[in-house]
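> pasting the sequence and the predicted model now:
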Amino acid sequence: MPKFLNTIGEPTLGIAICSRCQTKRKLADLVDDGNIRNFKVCRKELSPGCWDNFDPFRLPAPPPDRMQLPFVRPDVDVAFLPDGLPPLLPPLQDE
């Protein structure tokens, strides 16, 4: 059965169908969905089940944290002597 919608006094005279619940509504009663672009659904006040809250997991990941050390020591070459041998430490003397 057809449903008459009185659009007198509305900003537009348009009639539309909700993309989620498939009900006939005034065009002013439909809003964009929080997650899907160009998906017209009923306002939250009219039908709480139609409109979705914005899902923050759809946002891009935040940039990684910049880790900095509290102090930095200069690089010292400790690998090998010019002869190709590792440096030798004097033996520890027992006292």
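Everything's here; your move.
> can you check the pLDDT for the residue nearest to the spatial centre of the chain?
What sits nearest the mean C-alpha location of the chain, by CA atoms, centre = their mean, is Leu59, with 1.9 Å. On pLDDT, Leu59 comes in at 84.
> so how far is Ile36 from it?
Counting by CB to CB, to the nearest Å, the separation of Leu59 from Ile36 is 15 Å. For the C-beta atoms, the positions are set from N, CA and C on the backbone; glycine is no exception.
> count the residues that sit near Leu27.
15 (other CB atoms under 10 Å).
> quick one, what contacts it?
Contacts for Leu27 were tallied using CB atoms under 8 Å, 6 or more residues apart in numbering; they are 10, 12, 14-16.
> picking up where we left off before, could you report the separation of the residue nearest to the centre of the chain from Asn35?
11 Å.
> and the strands in the protein?
Under the criterion DSSP state E, the chain carries strands at the ranges 15-17, 24-26, 30-32, 40-42.
> Gln93 is nearest to which of those strands?
Proximity to Gln93 (CB to CB) singles out strand 30-32 among the strands of the chain, at 81.5 Å.
> go ahead and name everything in contact with that closest one.
By CB under 8 Å, 6+ apart, strand 30-32 touches 16, 18, 38-43, 51.
> and those, which are buried?
Those of these that meet the buried threshold are 16, 18, 40-42, 51, by 16 or more other CB atoms under 10 Å.
> got the residues you listed as CSV, with pLDDT columns?
Below are these laid out as CSV (pLDDT from 0 to 100):
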residue, pLDDT
Ala16, 88
Cys18, 90
Lys40, 90
Val41, 90
Cys42, 89
Trp51, 79
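> state the pair within those that is farthest apart.
Maximum pairwise distance among the buried ones among the contacts of strand 30-32 (CB to CB): 14.7 Å, between Ala16 and Trp51.
> picking that back up, which one of the buried ones among the contacts of strand 30-32 is nearest to Asp75?
Nearest to Asp75 among the buried ones among the contacts of strand 30-32: Trp51, at 58.2 Å, using CB to CB.
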